[in-house]
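[1] Have a look at this fold, sequence not included:
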Ligand SMILES: Cc1cc2nc3c(=O)[nH]c(=O)nc-3n(C[C@H](O)[C@H](O)[C@H](O)COP(=O)(O)OP(=O)(O)OC[C@H]3O[C@@H](n4cnc5c(N)ncnc54)[C@H](O)[C@@H]3O)c2cc1C
C-alpha cells in the first residue's frame, strides 16, 4: 500500500518507519522546512565554529521509566538500523541539582525551604510544610495506584476527570485557596491546576522519575536519524496539506502547497493514497482548508482538545557562569521562581566545559501566554532584568555583561498551539473518539497518548496494524 502521512514530527516519522518495515511505501508531507516538529534543537552560530552551542527549544528530556520505554526502543531501533554518523548517544539529564535555588518574593532558598509557607502567610495548619510535601500528600496515593496497575489506575482517575485539579483540592481535599495557589506556584505554573484532575496526576506521575536522559548534541538527532531512515526522498518539506478528500475508489487524495525548487516557486502537489495518517495536533487538522467533516464528537474533539502555550528562551552567555560561581554552582537541574520567566533550566549538556553556554528560561500556561503580546526585544529585556534580580546576591555575576544573543519560541505561534493539556472532562469525552479511524484516514500524535506533553507514545503500532489488515 502507498500511505500518505501528514506531519514529520516524531509521530509521523515513527509511523513512516513502522509502515515501511511492514512493506508499505510512504510519502510524508511536512509544512515546515525541517523535520522534527516540537523536537527542535536550536544552534547558535555567531560564535567560533569550534563552539557548538545549542539548546532545546522543544522537547529536552526523557524520563527513564517503563512508561517511556517506547522512546528508548525507538532509539535502539534507530541505532541498529541508522548510519554510524547518525548514532544517538544518550547522556544523563539532571532534573534536580542540590544547589538549585528557588526565588520567592525577593529571596533565594531551597525548594524544600520550610520558610516559604510562612512567607506566603498560609494558615497555621499548613505553615510547617513545603509545597512538595503538601502536593505529595494528595498525589502519592494516586501515583501508587497507577504504578500497581496503570490501566486500572487510569480508570479510577477518570472518576474525577470532570473535576479540575483545583476543584478536587477545594472540594475533596478541602484546602483553602491560598494553599492551592502556594502549591501551584512552587510545583507548577500559573493556572495549571484549572486543568483536569487526570492531566495533573499524569504529569506528576511522569515527573516522579529519578533518572532522566537527553541526547548528546541535541534531541533533533532523533528525528534527523528517523528521517534519513525513512528516506529524505519520501519526505516533502515545505508542503502544507490544505486539502483531504475521499475518492470513490476508497482511496484518499491529499493536496499540498509549498515553495519548491531552486527559485522557490509556489507549487501544488496532489496525490492519491491507499490510506492517510494524520500526525499533527488537532489545531493543525482544524486549519486544513478543505477536508471531510467527521462525526459530531470527532469534530468537537478537533475543535476543543485543549492545548496550552509554552514559551522557551535560550540566552547565550559568554561563560557558563552558573557553574562557576562560588555561591551554589548549578550543574543541571532547574530553579523555580516567581519571576516572570518562572523556571531557569541549567543545561545538562557540556557541563563543566569552558567557553560559552546557554541558560534556558521556560514558562507554561498563563505564564507563557503573557509573552505573546510583546516584541522579542522586550521579551529579552524582561528576561535579562529578572535574571539579574535572581543573581543580585552574587557580585561576581553581571548577566548584561555576559549576554551575547537570544533565541525564543512561543509554541502557540506554531501550528500545534503548544502541548495537549486537557480541560476537565476532556479525557472522558474526547480521548477515544479522537483516536478513531475515519475510513482510510488514521490519527496519531501526542494528544492521543494519555501521557500528554511527552514524546513517549506516538500511538502508532495499533494503527500500522490496522492499515495492514485493511
Ligand atoms: C516546549 C516544549 C517542551 C517539551 N518538552 C518535552 C520533553 O522534555 N520531553 C518529551 O518527551 N516531550 C516534550 N515535549 C513534547 C514533545 O515535543 C511532543 O509530544 C512531540 O514532539 C509531539 O510530536 P508529534 O509528532 O505528535 O507532533 P509535532 O511534533 O507537533 O509534529 C507535527 C508536525 O506536523 C506538521 N504540520 C502541521 N500541519 C501540517 C499540514 N497541514 N501539512 C503538513 N504538515 C503539517 C508540523 O509542522 C509538525 O512538524 C515538549 C514540547 C514542547 C513544545
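    Nice, I can see it. Quick caveat: nothing in here was measured; it's all calculated off a predicted structure.

[2] Residue 388 reaches residue 401, doesn't it?
    No: using C-beta atoms under 8 Å, residue 388 is not in contact with residue 401, being 10.2 Å away. Quick note: C-beta positions are derived from backbone N, CA and C, even for glycine.

[3] surely residue 67 meets residue 451?
    Yes: between residue 67 and residue 451 there is a contact under C-beta under 8 Å: 6.5 Å.

[4] circling back: residue 388 and residue 401 - which one has more neighbours?
    More neighbours surround residue 388 than the other of residue 388 and residue 401, with 15 against 9 (other C-beta atoms under 10 Å).

[5] Now do the same contact list for that one.
    Residues counted as contacts of residue 388 (C-beta atoms under 8 Å, 6 or more residues apart in numbering) are 398, 399, 400.

[6] For the closest residue in space to residue 59 that isn't next to it in sequence, grab phi and psi.
    Counting by C-beta to C-beta, 6 or more residues apart in numbering, residue 59 lies nearest to residue 39, which is 4.9 Å off, once chain neighbours are set aside. Dihedral pair for residue 39: phi -100, psi 110, per degrees, to the nearest 10.

[7] residue contacts, residue 39?
    9, 10, 58, 59, 219, 220, 222, 223, 455.

[8] just for this protein, where's the confidence low?
    Along the chain, segments meeting pLDDT under 70 span 46-51, 261-262, 414-416, 456-470.

[9] what residues does it put near the ligand?
    Proximity of the chain to the ligand (C-beta under 6 Å from any ligand atom) is limited to residues 6-12, 29-32, 37-39, 58-62, 240-241, 279-281, 284, 288, 310, 312, 411, 415-416, 419, 445-446, 453-456.

[10] Repeat the analysis, applying 5 Å as the threshold.
    6-7, 9-11, 29-32, 37-39, 58-61, 240-241, 280, 284, 310, 411, 415-416, 445-446, 454-455 (C-beta under 5 Å from any ligand atom).

[11] Mind giving me the packing neighbours of the host helix or strand of residue 204?
    For residue 204, the enclosing helix or strand under DSSP states H and E is helix 197-207. The helices and strands touching helix 197-207, judged by 3 or more C-beta pairs under 8 Å, 6 or more residues apart in numbering; DSSP states H and E, are helix 131-148, helix 150-158, helix 165-167.

[12] what residues does the one helix or strand residue 26 maps to touch?
    Using DSSP H and E, residue 26 sits within strand 25-29. Where contact means C-beta under 8 Å, 6+ apart, the residues beyond strand 25-29 that reach it are 1-8, 12-13, 15-16, 19-20, 230, 234-236, 239-241, 254, 256, 271, 273.

[13] residues of it that come out buried?
    26, 27, 28, 29 (16 or more other C-beta atoms under 10 Å).

[14] Quickly run through the sheet partners of that strand, with directions.
    Sheet pairing for strand 25-29, assigned by DSSP bridges, gives strand 2-6 (parallel), strand 235-236 (parallel).

[15] can I get those in a markdown table with mean neighbour count?
    Formatted as a markdown table, these follow (neighbours: other C-beta atoms under 10 Å):
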| stretch | mean neighbour count |
| --- | --- |
| strand 2-6 | 24 |
| strand 235-236 | 20 |
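
[16] Redo these as TSV? Include distance to residue 320.
    TSV is the format used below for the strands paired with strand 25-29 (distance: least, C-beta to C-beta, whole Å):
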stretch	distance to residue 320
strand 2-6	40
strand 235-236	36
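
[17] Residue 79 is nearest to which of these?
    With C-beta to C-beta as the measure, strand 235-236 is the member of these nearest residue 79 (20.5 Å).

[18] Show me the contact partners of the closest one.
    8, 16, 27, 28, 29, 30, 35, 227, 256, 258, 269.

[19] Recalculate using a threshold of 7 Å.
    Applying C-beta atoms under 7 Å, 6 or more residues apart in numbering, the contact partners of strand 235-236 are 8, 27, 28, 29, 30, 35, 227, 256, 269.

[20] ditto for stretch 332-343
    Counting by C-beta under 7 Å, 6+ apart, 94-97, 100-105, 111, 185-186, 189, 344-346, 348, 351, 361-363, 367, 382-383, 386, 389-390 sit against stretch 332-343.

[21] Let's see that with 6 Å instead.
    The contact list for stretch 332-343 (C-beta atoms under 6 Å, 6 or more residues apart in numbering) reads 94, 96-97, 100-104, 186, 189, 344-346, 348, 361-363, 367, 382-383, 386.

[22] Stretch 181-198 now?
    Contacts of stretch 181-198 (C-beta under 6 Å, 6+ apart): 120, 122, 131, 134-135, 157, 160-161, 163-166, 168, 336, 342, 364-367, 421-424, 427.

[23] Among those, name the buried ones.
    Buried members of these, counted by 16+ other C-beta under 10 Å: 120, 122, 131, 134-135, 157, 160-161, 163-166, 168, 336, 342, 364-365, 367, 421-424, 427.

[24] could you pull out the strands for the stretch 51-200 of the chain?
    Under the criterion DSSP state E, counting those that start in this stretch, strands of the stretch 51-200 of the chain are mapped to 53-56, 62-63, 90-93, 102-104, 107-109.

[25] Reformat those as CSV; add mean neighbour count and distance to residue 332.
    Converted to CSV, those look like this (neighbours: other C-beta atoms under 10 Å; distance: least, C-beta to C-beta, whole Å):
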stretch, mean neighbour count, distance to residue 332
strand 53-56, 24, 13
strand 62-63, 22, 15
strand 90-93, 16, 7
strand 102-104, 20, 16
strand 107-109, 15, 18
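
[26] so which of the ones you listed comes closest to residue 77?
    Smallest distance to residue 77 across the strands of the stretch 51-200 of the chain (C-beta to C-beta): 13.8 Å, for strand 90-93.

[27] now for the closest one, which elements pack on it?
    In terms of contacts (3 or more C-beta pairs under 6 Å, 6 or more residues apart in numbering; DSSP states H and E), strand 90-93 is packed against strand 212-215.

[28] who touches the helix or strand following the strand it packs on?
    Under the assignment DSSP H and E, the closest C-terminal helix or strand after strand 212-215 is helix 220-230. For helix 220-230, contacts defined as C-beta under 6 Å, 6+ apart pick out 10, 13, 16-17, 35-36, 39, 41, 78, 81-82, 86, 88, 215, 235.

[29] wait, which of these is closest to residue 441?
    Lowest distance from residue 441 to those (C-beta to C-beta) belongs to residue 16, with 16.0 Å.
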